[in-house]
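*Asks:* sequence and predicted structure, then a few things I'm wondering about:
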Amino acid sequence: MNAAFASEWIKLRRRGMYAALGAIVGLSGLITLLGITHAGGDGRRSFMTLAELAASGGFARIVQHTGDLLKVVALGVFASAFASEFSQGTMRNLLVRQPRRLRLLAGKYLATVTATAGALLAALAFSVPVGILAAGAKNVSTSAWWTGSGLSSLAHTEVNLFLACVGYGTIGVLLAIVFRSPVAAIGAGLAYLLPVEGILSSVINGATRWLPGQLLDALASGGNGDVSYRAAALTLAVYGLIAATITGLLFSRRDVAS
Amino acid sequence: MDTMIADRPGPGAAGAAPAPVAVRMAGLTKRYGARAAVDHLTTDVPAGVVCGFVGPNGAGKTTTIRMLLGLVRPSEGTAEVLGHHVSDPSAYLDRVGALIESPAFYPTLSGRKNLRVLARLAGLPDERVDAVLAQVGLADRAGDLFRSYSLGMKQRLGIASALLGDPDLLILDEPTNGLDPPGIREVRALLSNLAAAGKTVLVSSHLLDELQHVAGHLIMIDSGRLVFAGPVDELLAAQASELRASPERAGDLPALVELCRQAGFRAEARDGELRVAAPTQWAGELNRRSMAAGITLTALGAAPARLEDVFFTLTAREPGAPEHERVQA
């Protein structure tokens, strides 16, 4: 598994991935900037009041808004990392070098998970100075952000975002192994997680308590009115186990003929 | 009964022991629905030889190779590679190098980094990457992106990846695709050197004349079934070569043709000479029979059988085409 992890990181360090990272970081900074500059505006356009922004959890709430972008990116990155090995024909090379398929799968997955953690930290590192400058421009004090309570909120938000991104990514991996095509995997993932789940959750009572996408959203926001953080985490752990089992079985048993 | 090689051959492995076998297939079958891509293939690949693996497009060569590499599960039958069953590829793949179909790599990584991905995965040192890149003549372009490579360079990189682990068994699927004549010659030399070093090479190719130069053993399949397996020389010797003869008097040509047909050979008059599909050894007999019939020959010669001709003969699909099935003893 260590070898598969190290091998995957050679691919993750390619130029195109750095460009994608730059885009993620830049867009996260933009969301932070827009969130802060629109704080205190009229209710329709504002994320929060200026008082909420200046509170200890103010910056964490702004960071939380980057989650919608990061989760979708995670789905795409995970799905692409796995499905493109089939569509490019490189999976056969990897399997000749590492015939223990579950080790290869686990190594690739963990490498992509660590890359996701790195991308989130990079996005946060860029959002901090952007947030401070934007808050300063609005004459909002940021001193509460760096108190123990503020840092704790930020850490919790970042961990929850990370877990939600890994959840979206895990769905991406499952779809990649099923479809073996990046376009099909990403398309199916986005179609399910965005419109389909949105419709289901609005027409089925209580669906937000068991639909995986809704649960991941609840996890990212630390729990919501429909489902608690703990319930979301436990249900998602079960889903994760099921997804890992299906993915592992499919990956280890299906022929690689492409 | 042949023996299977399970480990690298030692210096004392020779002697009266039977020839070791690198790959053994027994009733190996792969079905996709009702269609059998590989149909009860039973044959061996002897160790330490270059073994040609030929057949028309769709004959089942690549599917067979995929089964040997553990990528595709057999529907029926068994195979052993270097003494290990194909159901446990991790037991032998560290001693196998493979190039399957067209070389597939990451387009936005350099040739060197592409090989490093595989080397890291197999636990091989980076020095092996530079060594094999030099071996296939890609050292100067190793830092360029794979997508900028020509077809021939991509093929060389594929061969380099197969050589990474210094394998005992090399499985190459169409390794000369896209190579220019010097490149083809280099691959031929490479294969010969590998065989001389005691490696086993199973190579599929459509360049049968090239294969004839380098392969000592041949497996020929068609529609998933074994058509021939055995030494190339034996196959060629068993095939009718073309004898050509010119009578002193052109008017004797029809009689000469008839004389050959009576002996049971296909014969025709073409371009003022006799052409008869007969073994080289029959030339003397032809000379004697001509003399007995009062025909003087001014020229008599034989064109040796070519693997390409044999291939077309053995894989002929016309109705009523003779079945030349011959299974290795």
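*Replies:* Cool, got the structure.

*Asks:* nearest spatial neighbour of the residue of the stretch 51-200 of chain A found nearest chain B, skipping sequence neighbours?
*Replies:* Nearest residue of the stretch 51-200 of chain A to chain B (Cβ to the nearest Cβ) works out as residue A:89 at 3.2 Å. The way it works is simple: take the backbone N, C-alpha and C, and place the C-beta from them, glycine included. Nearest residue to residue A:89, sequence neighbours excluded (Cβ to Cβ, 6 or more residues apart in numbering or on different chains): residue B:104, at 3.2 Å.

*Asks:* returning to that earlier point: quick check on the residue of the stretch 51-200 of chain A closest to chain B: phi, psi?
*Replies:* phi 90, psi 10 (degrees, to the nearest 10).

*Asks:* list the contacts for it?
*Replies:* A:258, B:101, B:102, B:104 (Cβ atoms under 8 Å, 6 or more residues apart in numbering or on different chains).

*Asks:* for those, which PyMOL command selects only the ones that are buried?
*Replies:* A single PyMOL command is used to select the members of those judged buried by 16 or more other Cβ atoms under 10 Å in any protein chain shown:
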select buried, (chain A and resi 258) or (chain B and resi 101+104)
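
*Asks:* now the two most distant members of the contacts of residue A:89.
*Replies:* A:258 and B:102 (11.3 Å; Cβ to Cβ).

*Asks:* show me where chain B has helices.
*Replies:* B:61-68, B:111-122, B:126-135, B:151-163, B:181-196, B:208-214, B:232-238, B:253-262, B:283-292, B:307-314 (DSSP state H).

*Asks:* with mean pLDDT added, can I get these in JSON lines?
*Replies:* JSON lines is the format used below for the helices of chain B (pLDDT from 0 to 100):
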{"stretch": "helix B:61-68", "mean pLDDT": "95"}
{"stretch": "helix B:111-122", "mean pLDDT": "96"}
{"stretch": "helix B:126-135", "mean pLDDT": "94"}
{"stretch": "helix B:151-163", "mean pLDDT": "91"}
{"stretch": "helix B:181-196", "mean pLDDT": "83"}
{"stretch": "helix B:208-214", "mean pLDDT": "81"}
{"stretch": "helix B:232-238", "mean pLDDT": "76"}
{"stretch": "helix B:253-262", "mean pLDDT": "92"}
{"stretch": "helix B:283-292", "mean pLDDT": "92"}
{"stretch": "helix B:307-314", "mean pLDDT": "73"}
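
*Asks:* for chain A, find the nearest of those.
*Replies:* helix B:111-122 (4.0 Å).

*Asks:* that closest one packs against which elements?
*Replies:* Contacts defined by 3 or more Cβ pairs under 8 Å, 6 or more residues apart in numbering or on different chains; DSSP states H and E place helix B:111-122 against helix A:2-12, helix A:90-97, helix B:126-135, helix B:151-163.

*Asks:* let me see the contact set for residue 170.
*Replies:* Reading this off chain A. By Cβ under 8 Å, 6+ apart, the neighbours of residue A:170 are A:78, A:240, A:243, A:244.

*Asks:* that answer is for a different chain, and I need it for chain B
*Replies:* Counted by Cβ under 8 Å, 6+ apart, residue B:170 has contacts B:96, B:97, B:98, B:162, B:163, B:194, B:199, B:200, B:201, B:202, B:203.

*Asks:* closest one of those residues to chain A?
*Replies:* residue B:98 (5.2 Å).

*Asks:* identify the bridge partners of the residue nearest to that closest one when sequence neighbours are not counted.
*Replies:* Spatial nearest neighbour of residue B:98, excluding adjacent residues (Cβ to Cβ, 6+ apart): residue B:171 at 4.4 Å. Note on residue B:171: beta-bridge partners residue B:98, residue B:202, judged by DSSP bridges.

*Asks:* re earlier: isn't the residue nearest to residue A:89 right up against residue A:95?
*Replies:* No - applying Cβ atoms under 8 Å as the test, residue B:104 and residue A:95 come out as separate, 11.9 Å apart.

*Asks:* re earlier: in TSV, list the helices of chain B along with mean neighbour count.
*Replies:* Below are these laid out as TSV (neighbours: other Cβ atoms under 10 Å in any protein chain shown):
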stretch	mean neighbour count
helix B:61-68	25
helix B:111-122	24
helix B:126-135	17
helix B:151-163	23
helix B:181-196	16
helix B:208-214	18
helix B:232-238	16
helix B:253-262	16
helix B:283-292	15
helix B:307-314	19
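
*Asks:* buried stuff in stretch A:143-159?
*Replies:* A:144, A:145, A:150, A:153, A:154, A:157, A:158.

*Asks:* so the closest residue to the first one other than its chain neighbours, which of the three states?
*Replies:* This means residue A:144. For residue A:144, ignoring the flanking residues on the chain, the nearest one in space by Cβ to Cβ, 6+ apart is residue A:56 at 4.4 Å. The three-state label given to residue A:56 by DSSP: H, G, I helix; E, B strand; the rest coil is coil.

*Asks:* check contacts around residue A:56.
*Replies:* A:144, A:145, A:147, A:149, A:150, A:153.

*Asks:* of those residues, which belong to helices?
*Replies:* Short answer: the contacts of residue A:56 in helices (DSSP H) are A:149, A:150, A:153.

*Asks:* nearest spatial neighbour of the spatially most central residue of chain B, skipping sequence neighbours?
*Replies:* Nearest to the mean C-alpha position of chain B, by Cα atoms, centre = their mean, lies residue B:52 at 1.4 Å. If you skip the residues right next to it in sequence, residue B:52 has residue B:215 as its closest partner in space, 3.6 Å away by Cβ to Cβ, 6+ apart.

*Asks:* torsion angles phi and psi at that neighbour?
*Replies:* Taking degrees, to the nearest 10 as the convention, residue B:215 sits at phi -90, psi 140.

*Asks:* re the thing from before, wait, the residue nearest to residue B:98 touches residue B:96, no?
*Replies:* Yes - using Cβ under 8 Å, residue B:171 is in contact with residue B:96, at 6.5 Å.

*Asks:* now the common contact residues for these two.
*Replies:* Shared contacts of residue B:171 and residue B:96, counting by Cβ under 8 Å, 6+ apart, come down to residue B:69.

*Asks:* and these two? Which one has more around it.
*Replies:* Between residue B:171 and residue B:96, counted using other Cβ atoms under 10 Å in any protein chain shown, the more crowded position is residue B:171 (29 against 25).

*Asks:* quick one, what contacts the more buried one?
*Replies:* Applying Cβ under 8 Å, 6+ apart, the residues near residue B:171 are B:65, B:68, B:69, B:96, B:97, B:98, B:99, B:100, B:162, B:201, B:202, B:203.

*Asks:* would you list the phi and psi of the third one?
*Replies:* This means residue B:69. phi -90, psi 0.

*Asks:* residues in contact with the closest residue to residue B:176 other than its chain neighbours?
*Replies:* Spatially, and ignoring its direct neighbours in sequence, residue B:176 is nearest to residue B:184 (4.8 Å; Cβ to Cβ, 6+ apart). By Cβ under 8 Å, 6+ apart, the contact list for residue B:184 reads B:176, B:207, B:210.

*Asks:* could you list the residues of chain B in contact with chain A?
*Replies:* Proximity of chain B to chain A (Cβ under 8 Å from any Cβ of the partner chain) is limited to residues B:63, B:66, B:69-73, B:89-90, B:93, B:96, B:98, B:100-102, B:104-109, B:113, B:116-118, B:120-123, B:161, B:165.

*Asks:* strands of the stretch 1-150 of chain B, start to end?
*Replies:* Assigned by DSSP state E, counting those that start in this stretch, the stretch 1-150 of chain B shows strands spanning B:3-4, B:20-32, B:35-46, B:50-54, B:76-81, B:84-85, B:96-99.

*Asks:* nearest to residue B:251, of the ones you listed?
*Replies:* Going by Cβ to Cβ, the one of the strands of the stretch 1-150 of chain B nearest residue B:251 is strand B:50-54, 43.5 Å.

*Asks:* tell me how far that closest one lies from the chain's centre.
*Replies:* 2 Å (Cα atoms, centre = their mean, to the nearest Å).
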